[in-house]
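*Asks:* Got a predicted structure plus its sequence, pasted below:
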Amino acid sequence: MGENKSDSSASLRVSSFDDSSGVAIGNFFNGLSIPSDTEFELYQTKSKKHPQYLIHGENERLLYDGQTDPEDNSNYCIAIYDPDSASVELYKAPLIVSQVSSKLKRKLSGPAVKQAGIHARLQRNALGQAFGTKKAKKAITSNEINKVDASKLEGSALDIVDSIKSTTEQLPSREELETKLDEFRPVPPYNLDATHVEDIYPLEGIISSHEWKYLRVDAILAETDWKKRLELFPFQDSHYIRSHLEKLTLDKNTQRKTIQLLYYLSVLLGTYRNRRLHQKQALMEALQDPPESLINGVLKRFTVVKAGLFGRRKDQSFLVDPQNEDKLLGYILALILHIDSFMIEIPPLSQELSLKSSKLSNLLRVLGCTIKPVTAAEAEVLGVKRSEMKTHKVAVLRVPFKLPEITRRKRRN
């Protein structure tokens, strides 16, 4: 099937392991770019056997909060690879499931001030002045000096309100903030008013009209053996594409469009598998030299200029950063939805993409899919055992389409 397997193996040595939990992995969704002025603080519970961690960060506009999943007993590490010694340094790092929220949307609440509380404070201060230490008396005196008398500010209330208004005029509105956050959504162009499921993510928004011209599949259609067909695809190490080619009928009129979609999906899957490459020519060779216009479209849509190599063109040196990596996955999933009649099996696809089922489920939720266990009828069609029905999840896209909020909720599995 055009696959070459090497018998050679490489050894890797662990040079050190640090379990002091000085670092943490903040699992913010869709590779969110965080401003450099954001400050974070990490908190740990006192339990040494099963410690839990909290993280909080904020800047002028956004809040970043997260915590470890108490049901997740896995241990996570960050590995720093030293190519000279072929060894890695491991640092224990808890995985913190996080979310981003707007400061404008937070609800602040506090206890009501009661007269009894004021009276108790006055009594406490009087006792402190009479019997307290010099340090306590100094603190009480300082608090009294710096106390603000609200009654003296009544005449300045309008000026204070005007000052607050002039300051807050520069803040973005809720609509502007939501529009800004929407730019980070890792999905193709969508249609909120779609009445048919195939119109939610139109194919022309996933594959441009220019790229369609280069999806030439006549040579693939000329082959009748699915193995021979697979050899003509840019990326062949895909169980998903192999299984779909094997199931296709021999009716060339009905399968042309499916072959075109599978071919473009092969380009996207190959780019995702080789996302650590940084040179266009290396990517072209890894994908067996597909039409250059397809690669140019992928580089334009899913990459940024690699840091430290300014002066070179983007098509020569590029980087698939975390945000674009999730965007690439979003386009892959949207295309698979079209191929599979808008229902995706999560377990096999998570293996295909080397993703945790929870990560894949969250990406599908961002696309607007509903995650559910398979029904008895679906299990029979998909070949799922009755004992596995409750854990075998599928993602379904339906109309009416509702765009989900960009938040990361606590994992359920």
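*Replies:* Thanks, I have it. Computed from a predicted model, the values in this text were never measured in an experiment. Numbering: from 1, shown residues only.
*Asks:* The stretch 301-413 of the chain: strands as residue ranges?
*Replies:* All strands of the stretch 301-413 of the chain, identified by DSSP state E, counting those that start in this stretch, fall at 304-305, 318-319, 343-345, 370-373, 393-396.
*Asks:* Same question for the chain.
*Replies:* 13-18, 25-27, 39-44, 53-58, 62-67, 77-82, 87-92, 95-102, 304-305, 318-319, 343-345, 370-373, 393-396 (DSSP state E).
*Asks:* number of nearby residues for Ile25?
*Replies:* For Ile25, the neighbour count with other CB atoms under 10 Å is 17. (Glycine included, C-beta is placed from N, CA and C.)
*Asks:* Surely it touches Ser74?
*Replies:* No - Ile25 is beyond contact range of Ser74, at 11.5 Å (criterion: CB atoms under 8 Å).
*Asks:* shared neighbours of these two, which are they?
*Replies:* Here Ile25 and Ser74 have Leu95 as joint contacts, going by CB atoms under 8 Å, 6 or more residues apart in numbering.
*Asks:* farthest residue from the center of the chain?
*Replies:* Distance from the centre of the chain peaks at Ala130, with 60.0 Å (CA atoms, centre = their mean).
*Asks:* I'd like the distance between that residue and Gln123.
*Replies:* Going from Ala130 to Gln123 by CB to CB, to the nearest Å gives 11 Å.
*Asks:* Next: Ser85.
*Replies:* Separation of Ser85 from Gln123 (CB to CB): 69 Å.
*Asks:* for Ser11, same thing?
*Replies:* Using CB to CB, Ser11 is found at 74 Å from Gln123.
*Asks:* Check Cys77 too.
*Replies:* 55 Å.
*Asks:* which of those two has more neighbours?
*Replies:* Cys77 (16 against 10).
*Asks:* can I assume the more buried one is in contact with Glu89?
*Replies:* No - with contact defined as CB under 8 Å, Cys77 does not count as touching Glu89 (9.6 Å).
*Asks:* so what sits against both of those two?
*Replies:* By CB under 8 Å, 6+ apart, Cys77 and Glu89 have these common neighbours: Phe17.
*Asks:* Tyr272 is nearest to which of the strands of the chain?
*Replies:* Smallest distance to Tyr272 across those (CB to CB): 14.0 Å, for strand 318-319.
*Asks:* and that closest one, which strands flank it?
*Replies:* strand 304-305 (antiparallel) (DSSP bridges).
*Asks:* any idea of the mean pLDDT for the partner strand?
*Replies:* Mean pLDDT, strand 304-305: 84.
*Asks:* What pLDDT is listed against the residue farthest from the centre of the chain?
*Replies:* For Ala130, the predicted pLDDT is 78.
*Asks:* try Lys103
*Replies:* For Lys103, the predicted pLDDT is 75.
*Asks:* Just give me the neighbour total for Lys138.
*Replies:* Lys138 is flanked by 11 other residues according to other CB under 10 Å.
*Asks:* what does the one 3 residues further on give?
*Replies:* Residues near Thr141, counting by other CB under 10 Å, number 13.
*Asks:* I'd say Thr128 and Ile140 touch.
*Replies:* To be clear, residue 128 is Gly; Thr isn't right here. Yes - Gly128 is in contact with Ile140 according to CB under 8 Å; the separation is 5.1 Å.
*Asks:* coming back round to it: out of the strands of the stretch 301-413 of the chain, which is closest to Lys227?
*Replies:* Among these, strand 343-345 sits nearest to Lys227 (CB to CB), with 23.4 Å.
*Asks:* excluding its backbone neighbours, what's nearest Glu211?
*Replies:* Nearest residue to Glu211, sequence neighbours excluded (CB to CB, 6 or more residues apart in numbering): Gly297, at 5.1 Å.
*Asks:* Quick one: residues contacting that neighbour.
*Replies:* So Gly297 contacts Ser208, His210, Glu211 (CB under 8 Å, 6+ apart).
*Asks:* Can you redo those residues as TSV, where the extra columns are neighbour count and distance to Val399?
*Replies:* TSV is the format used below for those (neighbours: other CB atoms under 10 Å; distance: CB to CB, whole Å):
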residue	neighbour count	distance to Val399
Ser208	14	25
His210	11	29
Glu211	19	26
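*Asks:* before we move on, back to that, which pLDDT value does the model give the residue nearest to Glu211?
*Replies:* 93.
*Asks:* gap between it and Asn143?
*Replies:* For Gly297, the distance to Asn143 equals 65 Å [CB to CB].
*Asks:* do Pro291 as well
*Replies:* 74 Å.
*Asks:* who's more crowded, the two?
*Replies:* Looking at Pro291 and Asn143 with other CB under 10 Å, you find the greater number of neighbours at Pro291, namely 16 against 11.
*Asks:* No more questions from me, cheers.
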